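Peer 1: No letters, just coordinates:
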DNA sequence: CGACTGAATCGTACGGTGTACGAGAACGTG
DNA sequence: CACGTTCTCGTACACCGTACGATTCAGTCG
């Protein structure tokens, strides 16, 4: 009987460079994940089905299950691939620049792949996210945050970025949706006068607000010198 | 031909008190939403299907579609029902108490219904959320935040609460999951030494961290007196 | 060379899903 | 009674994730 690699997939036990009968390159975890990300980017979360994914790879649907345990794992892998982080070659001297760089890179990645923001809350932390957390933890610690305050600091910053990106991502839907939301809002302007007046949903400087709030948090969380 | 109320459902045009043939009470938007919330609470997001929802109401699956356009609308309605907010009868004299009350109520509601935190990022803002935003906007404005800074302030606070609750919600999965995460982490302790040492995933005081970060933001965003 | 083996592919089938369609029941009003 | 409106729901269709087992392929050994 065939043995399925559930816990740790084999990942090309040998470089069997031979093409499959149908002429395409052989299946591999990497190709599957890449195709999944592409499908998610173009079709959204609901657009990813195992059959479509297999089609995109010119493979049978069930072939995927040799490399992957189930669909959830595809999501996990795609999420992790998209959220991978490699710090810049030369680290900045100021700890703050490193933190901000990582957080803005994270935010940018999620905005580049809008499905990721909606998916992240439902999935466990993958290696990419743990790596970012580790970096954040180390940097803040080296910046002088006491151990007792470290967890609070990490989560405060983390939560802020998470919330900012998710909120932001939920607002750059299609222009139609935005226009519809705006129409609904001014229709009920008597019920929501303040947010209608401030054009909260339309004119907000998302990036500026993000930076300002982040600065505020970092100022408050790290020891003053 | 039957006219479907897509935009504005009729909501009991008349109180047709008659019971259906099967003996149960008649269907209504309210009953559907209540049943949906109950199903979501007990079975989770994937546990809600139109057929199951109809079963719970002793109705045929397709009967739901008279009251509701599609399944997404069910999600929207359930979300909005769960996130409704009515401010306390007597408002506090301090603006800050009002803001904190609303935000903590929001957070509590999402933690009471964990599916809501995972759902919110994918759905548009419903009336309940707009109401909360309006309240926040008015209160901050009355607290002295200049119009130019208002949107930044609103979103900063908003994002923070959103992120904190979503993150928190994604971590109170089953004890098994948490233990597994911890095991995976200490297995790779050499790769994540800092977050392993601080027991970041286990010992964090979520509520304390939430309050502290929120205070920091409110301090920074509102004019000092 | 043939026999064997394990890795990898994939066709079929099953139980589930959301919902389009249209037949009918229940009801208020003439 | 008939008629229109409101509401219920059975059937059907396309699609989904995936269990199962047959099949193909690459490589090794005798």
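Peer 2: That came through, no problem. Here the structure is a predicted model, which means the values were calculated and not measured. Numbers count the residues shown, from 1 in each chain, chains lettered A, B, ... in the order given.
Peer 1: for chain A, which spans come out with low pLDDT?
Peer 2: A:1-24, A:173-180, A:225 (pLDDT under 70).
Peer 1: max-length helix in it?
Peer 2: The single longest helix within chain A, with elements called by DSSP state H, is helix A:147-169.
Peer 1: what about that one, distance to the chain center?
Peer 2: 14 Å (C-alpha atoms, centre = their mean, to the nearest Å).
Peer 1: Can you name every helix or strand that that helix contacts?
Peer 2: helix A:95-112, helix A:114-119, helix A:127-142, helix A:206-221, helix B:147-169, helix B:206-221 (3 or more C-beta pairs under 8 Å, 6 or more residues apart in numbering or on different chains; DSSP states H and E). All C-beta atoms are positioned from the backbone trio N, CA, C, and that covers glycine.
Peer 1: So which of the ones you listed is nearest DNA strand C?
Peer 2: Distance to DNA strand C, taken as C-beta to the nearest atom of the strand, is lowest for helix A:114-119 among those, at 17.7 Å.
Peer 1: can you tell me if the closest one touches chain B.
Peer 2: Yes - interface with chain B: helix A:114-119 contributes A:117-118 (C-beta under 8 Å from any C-beta of the partner chain).
Peer 1: and that helix with DNA strand D, contact?
Peer 2: No - Helix A:114-119 does not reach DNA strand D (C-beta under 7 Å from any atom of the strand); its nearest approach is 13.7 Å.
Peer 1: Report the buried residues of that helix.
Peer 2: A:114-119 (16 or more other C-beta atoms under 10 Å in any protein chain shown).
Peer 1: Give me the contacts around it.
Peer 2: Residues from elsewhere that reach helix A:114-119 (C-beta atoms under 8 Å, 6 or more residues apart in numbering or on different chains): A:40-41, A:44-45, A:75, A:79, A:82-83, A:109-111, A:165-166, A:169-170, A:172, B:121-122.
Peer 1: among these, which are in reach of DNA strand D?
Peer 2: Within the contacts of helix A:114-119, nothing lies near DNA strand D by C-beta under 7 Å from any atom of the strand.
Peer 1: Take those and, keeping just the buried ones, write it as a ChimeraX select command.
Peer 2: Here is the ChimeraX command that picks out the buried ones among these, judged by 16+ other C-beta under 10 Å:
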select /A:40,41,75,79,82,83,109,110,165,166,169,170 /B:121,122
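Peer 1: For chain A, which residue gets nearest to chain B?
Peer 2: Per C-beta to the nearest C-beta, residue A:163 is where chain A lies closest to chain B, at 2.8 Å.
Peer 1: Might one say that that residue is in contact with residue B:162?
Peer 2: Yes - counting by C-beta atoms under 8 Å, residue B:162 is a contact partner of residue A:163 at 3.6 Å.
Peer 1: re earlier: nearest to residue B:61, of the helices and strands packed on helix A:147-169?
Peer 2: Minimum separation from residue B:61 across those (C-beta to C-beta) falls at helix A:114-119, 26.9 Å.
Peer 1: burial count for the residue lying closest to residue A:47 once chain neighbours are set aside?
Peer 2: For residue A:47, ignoring the flanking residues on the chain, the nearest one in space by C-beta to C-beta, 6 or more residues apart in numbering or on different chains is residue A:39 at 6.1 Å. Number of residues near residue A:39 (other C-beta atoms under 10 Å in any protein chain shown) recorded here: 21.
Peer 1: so which strand or helix has residue A:39?
Peer 2: Residue A:39 belongs to helix A:29-43 when assigned by DSSP states H and E.
Peer 1: what about stretch A:84-95, near chain B?
Peer 2: No - against chain B, stretch A:84-95 shows no contacts by C-beta under 8 Å from any C-beta, the least distance being 13.6 Å.
Peer 1: Tell me the buried residues in that stretch?
Peer 2: Applying 16+ other C-beta under 10 Å to stretch A:84-95 flags residue A:95 as buried.
Peer 1: contacts for that stretch?
Peer 2: With contacts defined as C-beta under 8 Å, 6+ apart, stretch A:84-95 is touched by A:98, A:101-102, A:105-106, A:128, A:131-132, A:135, A:139-140, A:142-143.
Peer 1: check contacts around residue A:30.
Peer 2: Residue A:30 touches nothing, counting by C-beta under 8 Å, 6+ apart.
Peer 1: My read is that residue A:153 contacts residue A:145, right?
Peer 2: Yes - shown here, residue A:153 and residue A:145 form a contact pair, counting by C-beta under 8 Å, at 5.2 Å.
Peer 1: okay, now whatever residue of chain A ends up closest to DNA strand C: neighbour count?
Peer 2: Across chain A, the shortest distance to DNA strand C (C-beta to the nearest atom of the strand) belongs to residue A:60, at 2.5 Å. By the measure other C-beta under 10 Å, the count of residues near residue A:60 is 13.
Peer 1: Tell me the spacing between the residue nearest to it when sequence neighbours are not counted and residue A:130.
Peer 2: In space, and not counting its chain neighbours, residue A:60 is closest to residue A:54: 5.9 Å by C-beta to C-beta, 6+ apart. Distance, residue A:54 to residue A:130, using C-beta to C-beta, to the nearest Å: 30 Å.
Peer 1: More neighbours: which of these two?
Peer 2: Shown here are residue A:54 and residue A:130; by other C-beta under 10 Å, residue A:130 has more neighbours (22 against 19).
Peer 1: What's the separation between the more buried one and residue B:133?
Peer 2: 33 Å.
Peer 1: What residues sit buried inside the longest helix of chain A?
Peer 2: Neighbour-count burial for helix A:147-169 [16+ other C-beta under 10 Å]: A:149-169.
Peer 1: list residues touching both of residue A:153 and residue A:145?
Peer 2: Here residue A:153 and residue A:145 share the contacting residues A:221-222, scored by C-beta under 8 Å, 6+ apart.
Peer 1: quick revisit: restrict the buried residues of helix A:114-119 to contacts with DNA strand C.
Peer 2: Among these, no residue is within reach of DNA strand C (C-beta under 7 Å from any atom of the strand).
Peer 1: Next, format those as CSV and append distance to residue B:186.
Peer 2: Compiled in CSV, the buried residues of helix A:114-119 are given as follows (distance: C-beta to C-beta, whole Å):
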residue, distance to residue B:186
A:114, 34
A:115, 31
A:116, 27
A:117, 29
A:118, 30
A:119, 26
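Peer 1: ok, so of those, who is nearest residue A:210?
Peer 2: Distances from residue A:210 to the buried residues of helix A:114-119, taken as C-beta to C-beta, are shortest for residue A:117 (13.6 Å).
Peer 1: Not counting its neighbours along the chain, what's nearest that closest one?
Peer 2: Distances taken as C-beta to C-beta, 6+ apart place residue A:169 nearest to residue A:117, at 4.2 Å, with adjacent residues excluded.
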